[in-house]
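*Asks:* Got a sequence here, can you model it:
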Amino acid sequence: MAIVVTLDIMLAARKVRSRELAAAVGITEQNLSLLKSGKVRGLRFGTLAAICAYLQCQPGDILKYVDDATEKGDERPFVHMEPAADMPD
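*Replies:* Numbers count the residues shown, from 1 in each chain. Model (predicted):
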């Protein structure tokens, strides 16, 4: 199971620069770049909500679930989300 980050596509569709989004959301450009590339282990719901509010989109517009079987043929970077240790199953 994998989550694919498609934030770059939404930024292009909304004609918003990464720098502008980072400033509006309150995260560094470097952290936004890591998120766009899929090199993060998690994403706070507050950050996700702020991104969606600014881009006027839904979380599903910037995060996609890809089954392991299809993951091998896709070239996009993946963010593997793991539940927090204190979260019930």
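*Asks:* Off-centre distance for the longest helix seen in the chain?
*Replies:* If you go by DSSP state H, the chain has its longest helix at helix 45-55. Averaging C-alpha positions (CA atoms, centre = their mean, to the nearest Å) puts helix 45-55 10 Å from its chain's average.
*Asks:* Need the CA coordinates for it. PDB is fine.
*Replies:* Provided in PDB are the C-alpha atoms of helix 45-55 (Å, rounded to 0.1, in the frame of the first residue of the first chain):
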ATOM      1  CA  PHE A  45      -3.800  17.000   9.400                       C
ATOM      2  CA  GLY A  46      -3.500  20.700  10.200                       C
ATOM      3  CA  THR A  47      -0.900  21.100   7.400                       C
ATOM      4  CA  LEU A  48      -3.000  19.100   5.000                       C
ATOM      5  CA  ALA A  49      -6.100  21.200   5.900                       C
ATOM      6  CA  ALA A  50      -4.200  24.500   5.300                       C
ATOM      7  CA  ILE A  51      -2.900  23.300   2.000                       C
ATOM      8  CA  CYS A  52      -6.400  22.200   0.900                       C
ATOM      9  CA  ALA A  53      -7.900  25.500   2.100                       C
ATOM     10  CA  TYR A  54      -5.400  27.600   0.200                       C
ATOM     11  CA  LEU A  55      -5.600  25.600  -3.000                       C
END
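*Asks:* Counting neighbours, which bits of that helix end up buried?
*Replies:* Thr47, Ala50, Ile51, Cys52, Leu55 (16 or more other CB atoms under 10 Å). Heads up, the C-betas are built off the backbone N, CA and C, glycines and all.
*Asks:* The residues you listed into a markdown table, with extra columns for pLDDT and distance to Ala24?
*Replies:* Listed next are these as a markdown table, based on pLDDT from 0 to 100; distance: CB to CB, whole Å:
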| residue | pLDDT | distance to Ala24 |
| --- | --- | --- |
| Thr47 | 95 | 12 |
| Ala50 | 97 | 8 |
| Ile51 | 97 | 9 |
| Cys52 | 97 | 12 |
| Leu55 | 97 | 9 |
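*Asks:* closest to Lys39 among those residues?
*Replies:* Nearest to Lys39, judged by CB to CB, of those is Thr47 at 15.2 Å.
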